[in-house]
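Student: please find the sequence and the predicted model below.
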Amino acid sequence: MTEAETRLAAEIDIRTLVARYADAVVRRDAKDWGETWAQDAVWRIMGMETRGREPIVELWQRLMGGYPQVVQIPNSAILVIDGARASGRWYISEYGKLANGTAMLTLGVYHDEYTRADGIWRFASRRFDMLYGGPADLSGAFLPFPKELER
(Lines give C-alpha, C1' and ligand atoms only; values in the text may rest on other atoms or scores of the structure.)
Protein backbone atom coordinates (compact mmCIF):
# COMPACT_ATOMS: atom_id res chain seq x y z
CA MET A 1 0.00 0.00 0.00
CA THR A 2 1.19 3.53 -0.70
CA GLU A 3 1.50 6.06 2.12
CA ALA A 4 -1.66 7.81 0.89
CA GLU A 5 -3.57 4.51 0.84
CA THR A 6 -2.34 3.67 4.34
CA ARG A 7 -3.50 7.06 5.65
CA LEU A 8 -6.87 6.72 3.93
CA ALA A 9 -7.37 3.23 5.39
CA ALA A 10 -6.48 4.57 8.86
CA GLU A 11 -8.93 7.45 8.48
CA ILE A 12 -11.73 5.10 7.45
CA ASP A 13 -10.96 2.83 10.42
CA ILE A 14 -10.95 5.78 12.87
CA ARG A 15 -14.22 7.14 11.49
CA THR A 16 -15.67 3.64 11.91
CA LEU A 17 -14.35 3.56 15.51
CA VAL A 18 -16.21 6.79 16.32
CA ALA A 19 -19.37 5.45 14.62
CA ARG A 20 -19.13 2.23 16.67
CA TYR A 21 -18.77 4.31 19.86
CA ALA A 22 -21.87 6.42 19.06
CA ASP A 23 -23.84 3.32 18.01
CA ALA A 24 -23.03 1.62 21.33
CA VAL A 25 -24.15 4.77 23.20
CA VAL A 26 -27.53 4.71 21.47
CA ARG A 27 -27.93 0.96 22.05
CA ARG A 28 -26.55 1.30 25.62
CA ASP A 29 -24.20 -1.61 24.93
CA ALA A 30 -21.41 -1.47 27.52
CA LYS A 31 -19.49 -4.37 25.97
CA ASP A 32 -19.34 -2.86 22.48
CA TRP A 33 -18.69 0.62 23.89
CA GLY A 34 -15.86 -0.71 26.05
CA GLU A 35 -14.25 -2.41 23.05
CA THR A 36 -13.61 1.01 21.51
CA TRP A 37 -11.06 1.80 24.28
CA ALA A 38 -7.44 0.68 24.66
CA GLN A 39 -6.75 -1.20 27.90
CA ASP A 40 -4.72 1.73 29.32
CA ALA A 41 -6.95 4.50 27.93
CA VAL A 42 -7.77 7.80 29.65
CA TRP A 43 -11.23 9.43 29.59
CA ARG A 44 -11.77 13.03 30.66
CA ILE A 45 -15.39 14.11 31.04
CA MET A 46 -17.24 16.52 33.35
CA GLY A 47 -14.04 17.46 35.19
CA MET A 48 -13.21 13.81 35.93
CA GLU A 49 -10.30 11.75 34.65
CA THR A 50 -10.58 7.96 34.57
CA ARG A 51 -7.82 5.55 33.54
CA GLY A 52 -8.15 2.00 32.25
CA ARG A 53 -10.85 0.37 30.13
CA GLU A 54 -12.72 -1.30 33.00
CA PRO A 55 -13.01 1.85 35.20
CA ILE A 56 -13.96 3.88 32.10
CA VAL A 57 -16.83 1.46 31.32
CA GLU A 58 -17.97 1.53 34.97
CA LEU A 59 -18.09 5.35 34.91
CA TRP A 60 -19.95 5.35 31.58
CA GLN A 61 -22.58 2.96 32.99
CA ARG A 62 -23.11 5.26 36.01
CA LEU A 63 -23.41 8.35 33.78
CA MET A 64 -25.79 6.62 31.37
CA GLY A 65 -28.05 5.80 34.34
CA GLY A 66 -29.18 9.44 34.27
CA TYR A 67 -30.26 9.24 30.63
CA PRO A 68 -33.01 6.70 29.87
CA GLN A 69 -32.81 7.68 26.19
CA VAL A 70 -29.90 9.20 24.30
CA VAL A 71 -28.89 9.49 20.67
CA GLN A 72 -25.33 10.60 19.93
CA ILE A 73 -24.52 11.88 16.44
CA PRO A 74 -20.88 12.47 15.45
CA ASN A 75 -20.74 15.43 13.08
CA SER A 76 -17.47 16.71 11.62
CA ALA A 77 -13.93 15.66 12.37
CA ILE A 78 -10.33 16.76 11.92
CA LEU A 79 -7.91 13.80 11.96
CA VAL A 80 -4.11 13.72 12.02
CA ILE A 81 -2.59 10.29 11.38
CA ASP A 82 1.00 9.35 12.21
CA GLY A 83 1.68 5.64 11.80
CA ALA A 84 0.11 3.64 14.64
CA ARG A 85 -0.92 6.81 16.49
CA ALA A 86 -3.40 9.49 15.50
CA SER A 87 -5.32 12.40 16.98
CA GLY A 88 -8.65 13.94 16.20
CA ARG A 89 -11.29 16.47 17.12
CA TRP A 90 -14.97 15.54 16.68
CA TYR A 91 -18.00 17.76 17.09
CA ILE A 92 -21.10 15.91 18.31
CA SER A 93 -24.78 16.44 18.90
CA GLU A 94 -26.52 14.43 21.58
CA TYR A 95 -30.26 14.31 22.10
CA GLY A 96 -31.46 12.80 25.32
CA LYS A 97 -34.12 12.51 27.92
CA LEU A 98 -33.16 12.82 31.57
CA ALA A 99 -34.49 10.46 34.24
CA ASN A 100 -37.09 13.11 35.20
CA GLY A 101 -38.40 13.22 31.60
CA THR A 102 -36.77 16.53 30.63
CA ALA A 103 -35.54 16.63 27.02
CA MET A 104 -31.95 17.79 26.54
CA LEU A 105 -29.64 18.76 23.72
CA THR A 106 -25.89 18.59 24.21
CA LEU A 107 -23.44 19.99 21.67
CA GLY A 108 -19.79 19.36 22.31
CA VAL A 109 -16.36 18.45 21.11
CA TYR A 110 -14.23 15.36 21.70
CA HIS A 111 -10.44 15.71 21.67
CA ASP A 112 -9.05 12.26 20.88
CA GLU A 113 -5.82 10.31 20.75
CA TYR A 114 -5.99 6.96 18.97
CA THR A 115 -3.72 3.95 19.04
CA ARG A 116 -3.51 0.97 16.73
CA ALA A 117 -2.59 -2.47 18.03
CA ASP A 118 -3.09 -5.83 16.34
CA GLY A 119 -4.64 -4.03 13.37
CA ILE A 120 -7.39 -2.37 15.45
CA TRP A 121 -7.75 1.36 16.18
CA ARG A 122 -8.99 2.29 19.66
CA PHE A 123 -9.19 5.37 21.84
CA ALA A 124 -5.98 5.98 23.78
CA SER A 125 -7.58 9.07 25.30
CA ARG A 126 -10.79 10.99 24.88
CA ARG A 127 -11.71 14.35 26.40
CA PHE A 128 -15.24 15.75 26.12
CA ASP A 129 -15.95 19.47 26.39
CA MET A 130 -19.55 20.66 26.35
CA LEU A 131 -20.27 23.69 24.18
CA TYR A 132 -24.02 23.73 24.88
CA GLY A 133 -26.32 21.81 27.17
CA GLY A 134 -29.97 22.68 27.51
CA PRO A 135 -33.28 22.89 25.70
CA ALA A 136 -33.35 21.83 22.05
CA ASP A 137 -34.49 25.34 21.05
CA LEU A 138 -30.96 26.57 21.97
CA SER A 139 -32.34 29.00 24.57
CA GLY A 140 -29.67 27.94 27.07
CA ALA A 141 -26.19 29.41 27.40
CA PHE A 142 -23.35 28.39 25.11
CA LEU A 143 -19.92 27.70 26.56
CA PRO A 144 -16.66 28.80 24.95
CA PHE A 145 -14.30 26.43 23.17
CA PRO A 146 -11.56 25.50 25.69
CA LYS A 147 -8.76 28.07 25.21
CA GLU A 148 -6.00 25.60 26.08
CA LEU A 149 -7.08 23.40 23.17
CA GLU A 150 -7.29 26.03 20.45
CA ARG A 151 -4.91 25.52 17.52
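Tutor: Nice, I can see it.
Student: drop to CA atoms for contacts and neighbour counts, all remaining ones
Tutor: Will do.
Student: how close does residue 106 sit to residue 79?
Tutor: As judged by CA to CA, to the nearest Å, residue 106 and residue 79 stand 22 Å apart.
Student: what do you get for residue 101?
Tutor: Relative to residue 79, residue 101 is positioned 36 Å away (CA to CA).
Student: give me the more crowded residue out of those two.
Tutor: Neighbours were counted for residue 101 and for residue 79 using other CA atoms under 10 Å; residue 79 has more, 17 against 11.
Student: give me the contact list for the helix or strand where that one lies.
Tutor: Mapping residue 79 onto the secondary structure by DSSP states H and E places it in strand 69-82. Outside of strand 69-82, the residues within contact range by CA atoms under 8 Å, 6 or more residues apart in numbering are 7, 10-11, 18-19, 22-23, 25-26, 86-98.
Student: distance from the next helix or strand after that strand to the middle of the chain?
Tutor: Towards the C-terminus, the helix or strand next in line after strand 69-82, according to DSSP H and E, is strand 85-97. For strand 85-97, the distance between its averaged C-alpha position and the chain's averaged C-alpha position is 5 Å (CA atoms, centre = their mean, to the nearest Å).
Student: again, but for stretch 49-59
Tutor: With CA atoms, centre = their mean as the basis, the distance from the averaged C-alpha position of stretch 49-59 to the chain average is 14 Å.
Student: what do you get for stretch 105-123?
Tutor: Average the C-alpha atoms of stretch 105-123, do the same for its chain, and the two points are 6 Å apart (CA atoms, centre = their mean).
Student: contacts for that stretch, please.
Tutor: Counting by CA under 8 Å, 6+ apart, stretch 105-123 makes contact with 13-14, 17, 35-38, 41, 84-96, 124-136, all of which sit outside it.
Student: helices along the protein, start to end?
Tutor: Listed in chain order, the helices found in the chain under DSSP state H are 3-27, 30-34, 53-64.
Student: give me the helices and strands touching the first one, please.
Tutor: Taking 3 or more CA pairs under 8 Å, 6 or more residues apart in numbering; DSSP states H and E as contact, the helices and strands that helix 3-27 lies on are helix 30-34, strand 69-82, strand 120-134.
Student: what's the answer for the last one, then?
Tutor: Helix 53-64 sits against helix 30-34, strand 37-45, with contacts defined as 3+ CA pairs under 8 Å, 6+ apart.
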